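Asker: could you work out the structure for the sequence below:
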Amino acid sequence: MLQAFITLRFFDVLDIIITAFLLYQLYLLLKGTLAINILIGVLSIYLFWVLVKALHMQLLSTILGQFMGVGVIAMIIVFQQEIRRFFLLIGSRYLKSSTKIKFGHFFSHSEKKDNSLIANILGETLVSMAKSKTGALIVVTRISELEHIANSGVILNAEISKSLIKSVFFKNSPLHDGAMIITDDKIVAARCMLPLSQRTDIPGEYGLRHRSAIGISENTDAIVFIVSEETGNISYSAEGGLEQINNKDEVVKIFSEIKE
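Answerer: Modelled structure (predicted):
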């Protein structure tokens, strides 16, 4: 009696689906960065190694085998930023869901009231600065409070107000260069340094503010609002993306959604 050449169990199908999903998520994580080119190069070398092994080419097989033997360590070194970003995203999503379950019922009413007030202040301020083409970079934290980023600037711990935000980003202010960090109802710090995105697909018309905004949103769960000094356009960055904002209502809507 002939045995089936391939036996496919339920768990084999599940294994394929999970693997495909993880590979797709890895692609989304690396898409548009230099790391995707490195990953393709590593996979090409691995496939070439499999081929020379199958053809019994001993010399090449031995050399490539030694290279693949330290491949895991090399991958960790090369992709340390992407690995760090992956774990940050996983941890942030877990903490966000668990916080909602544990505390959402008790504090939902008071948070909505405070967030609505802050959202309106932020929306009015951004629109006002856009009209005067006052450049701004404002990071709104979520689960991660970004203490290491705040400590790179000047600690303020001040109440959020339109006049304070505008005075910080006034072009002659000593605090205008850099990012402002907002956590809950406080302006935690100003003149903070943000990591620049290493992506290669960012349009050339975007300057350091936009690259910094994308850089911090790639690596954390923060939302970043940007006012362009050149065009007066308002935009925001989340999870490495960049979208334009047209009016105050859109700012309020975005802020309300991220603080739900």
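
Asker: residues contacting residue 121?
Answerer: By C-beta atoms under 8 Å, 6 or more residues apart in numbering, the residues touching residue 121 are 160, 161, 162, 165. Using the backbone N, CA and C atoms, a C-beta is placed for each residue, glycine as well.

Asker: can you pick the most crowded of those residues?
Answerer: Greatest neighbour count in these, by other C-beta atoms under 10 Å, goes to residue 165: 25 neighbours.

Asker: following element in sequence after the helix or strand that one falls within, please.
Answerer: Per DSSP states H and E: residue 165 is located in helix 162-168. Using DSSP H and E, the helix or strand that follows helix 162-168 towards the C-terminus is strand 179-183.

Asker: what's that following strand packed up against?
Answerer: Here strand 179-183 touches strand 136-140, helix 147-150, strand 186-192, going by 3 or more C-beta pairs under 8 Å, 6 or more residues apart in numbering; DSSP states H and E.

Asker: how big is the angle separating that strand from strand 136-140?
Answerer: Per axes from the mean of the first three to the mean of the last three C-alpha atoms, to 10 degrees, the angle that strand 179-183 makes with strand 136-140 is 30 degrees.

Asker: convert strand 179-183 to CSV, retaining C-alpha atoms only.
Answerer: C-alpha atoms of strand 179-183 as CSV (Å, rounded to 0.1, in the frame of the first residue of the first chain):
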residue,chain,number,x,y,z
ALA,A,179,10.1,68.9,20.5
MET,A,180,7.6,69.5,23.2
ILE,A,181,6.4,66.5,25.3
ILE,A,182,2.8,66.4,26.5
THR,A,183,1.7,63.7,29.0
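
Asker: which neighbours does that strand have in its sheet, and in what orientation?
Answerer: strand 136-140 (parallel), strand 186-192 (antiparallel) (DSSP bridges).

Asker: could you pull out the buried residues of the last one?
Answerer: By that I understand strand 186-192. For strand 186-192, the neighbour count (16 or more other C-beta atoms under 10 Å) marks 187, 188, 189, 190, 191, 192 as buried.
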